[in-house]
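> Predicted model and sequence below, questions to follow.
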Amino acid sequence: MPTIKDLELFKAAYKTVKEILRIREGENLLITIDSVSDFRVAEEMAKAGEALGAKVMVAWHTTPKGYGKATDPYLPRPLIAACPEADAWIELNNQWLLYGTPWQMAVTNGRTRNLMLGGLSTDQLIRCVGEVDIDAQIAFQEKVVEITRKAVHMRMTNRAGTDVEFENDPKRPFANEHIAETPGGHFLTGQIGWAPQEDTINGRLVFDGAISGGGEADIGMVSEPVVYEIEKGRIAGIRGGREADVVRKWFEKLNDPNMYMAAHVCYGFNPNAMLGFSTTEDERVWGCTEWGFGYQGPMYSGGEPRVAASHIDGICLETSVTCEGEPVTKDGEVVHPELIELAKACGH
């Protein structure tokens, strides 16, 4: 029995499996989804995988508590075993397996490619994949990476009070999220992430968009800004209102020094992303920057992961970014002369 947006959803699911994950005939495709997520998305991706000749399995399971390593005690052992056995794995979990044991096993085996689409609903998948020009995104994002990779010194500010400076480490990779055809961890189109040299990160991060850390720290859109004071890549203080208190207590509860260390910074550049629906989409709102702390995956470290009890992300909206003093964005809008036309082709 057809329901609303069935055709648009299948088109977005097929596009995800074929154009982004680039599934090949005969590959083992695993789709994981917890009980609070939109199962229609998993069902349509499974159909797309089957149509493209993959061997498909959907793992629907009880929703764990927390993100990353914090999910481990709640996961069925067959699920943990299945993830690194897949050739391709799409994660649709609202409570992310990302950075947990099965994810770490899968993305470091040299074979499995993981596409993290945590918590995306029908409308979100249509908006953030189905209605996005993937070729235009690739061209735009590749140029952003080229410009950023050349920079040693960077500064990021926003009107809420963010003001942070750092230096890039030329030995570390960039996680440029548009397609997922190589082994390892990949994410929703419209994000570019990397790990600056930690001891050079100093200043203030003001998260005026959203915060996501799983469990009690899974705040979503903030009602008032949460401020991190950063000294040499570590959180030296957290201030703000009630939500800042929640985040501070969550860090204390985890009792892990690695949780206070910066793991990555990311640009958000999905032309259709909207704030307030899920972290996966929030982090890609055009012109935002997003900072993660705690567990650092190999796609950021360039080597072994830095293990931590969990991972937390915060979003700074409408960020102004400079690379070696040259503006790339101003108040969230692209201003670099080599990027303006490419951004327009993406619809922004």
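Perfect, I can see it now.
> Let me know the helix or strand that the closest residue to residue 196 other than its chain neighbours is in.
Sequence neighbours aside, residue 166 is the residue nearest to residue 196 in space, at 4.1 Å (criterion: CB to CB, 6 or more residues apart in numbering). In this view, the C-beta of every residue, glycine as well, is placed from N, C-alpha and C. For residue 166, the enclosing helix or strand under DSSP states H and E is strand 163-167.
> Direction included, what does that strand pair up with?
Strand 163-167 has the following strand partners under DSSP bridges: strand 153-157 (antiparallel), strand 202-207 (antiparallel).
> Which stretch among the ones you listed is buried most, on average?
strand 202-207 (a mean of 20; mean count of other CB atoms under 10 Å).
> Which element is encountered next along the chain beyond it?
strand 210-212.
> Neighbouring strands of that next one in the sheet, and parallel or not?
Strand 210-212 sits in its sheet next to strand 220-221 (antiparallel), strand 306-316 (antiparallel), going by DSSP bridges.
> right, and the strands paired with strand 163-167 - which one's nearest residue 79?
For residue 79, the closest of the strands paired with strand 163-167 is strand 202-207, at 31.9 Å, according to CB to CB.
> can you list contacts of the closest one?
Strand 202-207 is contacted by residues 158, 160-166, 222, 225-232, 291, 314-316 when judged by CB atoms under 8 Å, 6 or more residues apart in numbering.
> still on that earlier bit, how about the strands paired with strand 210-212 in JSON lines, adding distance to residue 277, mean neighbour count and mean pLDDT?
Formatted as JSON lines, those follow (distance: least, CB to CB, whole Å; neighbours: other CB atoms under 10 Å; pLDDT from 0 to 100):
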{"stretch": "strand 220-221", "distance to residue 277": "9", "mean neighbour count": "15", "mean pLDDT": "93"}
{"stretch": "strand 306-316", "distance to residue 277": "13", "mean neighbour count": "23", "mean pLDDT": "94"}
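> excluding its backbone neighbours, what's nearest residue 73?
In space, and not counting its chain neighbours, residue 73 is closest to residue 64: 7.9 Å by CB to CB, 6+ apart.
> ok, residue 211 - contacts?
For residue 211, the contact set (CB under 8 Å, 6+ apart) comprises 217, 219, 220, 222, 226, 243, 247, 312, 313, 314, 315.
> Mind doing that once more with 10 Å?
By CB atoms under 10 Å, 6 or more residues apart in numbering, the residues touching residue 211 are 217-222, 226, 243-244, 246-247, 250, 279, 282, 312-315.
> residues near residue 169, how many?
16 (other CB atoms under 10 Å).
> My error: substitute residue 87 in the last question.
Using other CB under 10 Å, residue 87 has 17 other residues around it.
> I'd like to know how far the residue nearest to it when sequence neighbours are not counted sits from residue 116.
Nearest residue to residue 87, sequence neighbours excluded (CB to CB, 6+ apart): residue 27, at 4.0 Å. Residue 27 sits 18 Å away from residue 116, going by CB to CB, to the nearest Å.
> Which one's more surrounded, those two?
Legend: neighbour count by other CB under 10 Å for residue 27 and residue 116, higher for residue 116 (23 against 18).
> what is the more buried one paired to in the beta sheet?
residue 91, residue 187.
> May I ask you to confirm that it is in contact with residue 96?
Yes - here residue 116 reaches residue 96: they are 7.2 Å apart, a contact under CB atoms under 10 Å.
> okay, and the common contacts of those two?
With contacts defined as CB under 10 Å, 6+ apart, the residues shared by residue 116 and residue 96 are 103, 280.
> give me phi/psi at residue 300?
Phi and psi for residue 300, reported as degrees, to the nearest 10, are phi -110, psi -40.
> Report the separation between residue 131 and residue 18.
From residue 131 over to residue 18 (counting by CB to CB), the distance is 16 Å.
> go on, residue 312?
Using CB to CB, we find residue 312 at a distance of 33 Å from residue 18.
> Domain map for this protein?
Domain assignment for the chain by automatic domain parsing gives 6-129, 133-345.
> Please state the mean pLDDT value computed over the first one.
The predicted model gives domain 6-129 an average pLDDT of 95.
> Make CSV out of the strands paired with strand 210-212 and add distance to residue 324.
CSV is the format used below for the strands paired with strand 210-212 (distance: least, CB to CB, whole Å):
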stretch, distance to residue 324
strand 220-221, 33
strand 306-316, 20
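> To residue 176, which of those strands lies closest?
Closest approach to residue 176 among the strands paired with strand 210-212 is made by strand 306-316 (18.0 Å; CB to CB).
> Distance from the chain centre to that closest one, please.
Computed by CA atoms, centre = their mean, to the nearest Å, the separation of strand 306-316 from the middle of its chain amounts to 11 Å.
> CA atoms only for the next helix or strand after it, dumped as PDB, please.
Beyond strand 306-316 on the C-terminal side, the first helix or strand identified by DSSP H and E is strand 320-323. C-alpha atoms of strand 320-323 as PDB (Å, rounded to 0.1, in the frame of the first residue of the first chain):
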ATOM      1  CA  SER A 320      33.700  32.900   9.300                       C
ATOM      2  CA  VAL A 321      36.800  31.000   8.300                       C
ATOM      3  CA  THR A 322      40.200  32.200   7.200                       C
ATOM      4  CA  CYS A 323      43.000  30.200   5.800                       C
END
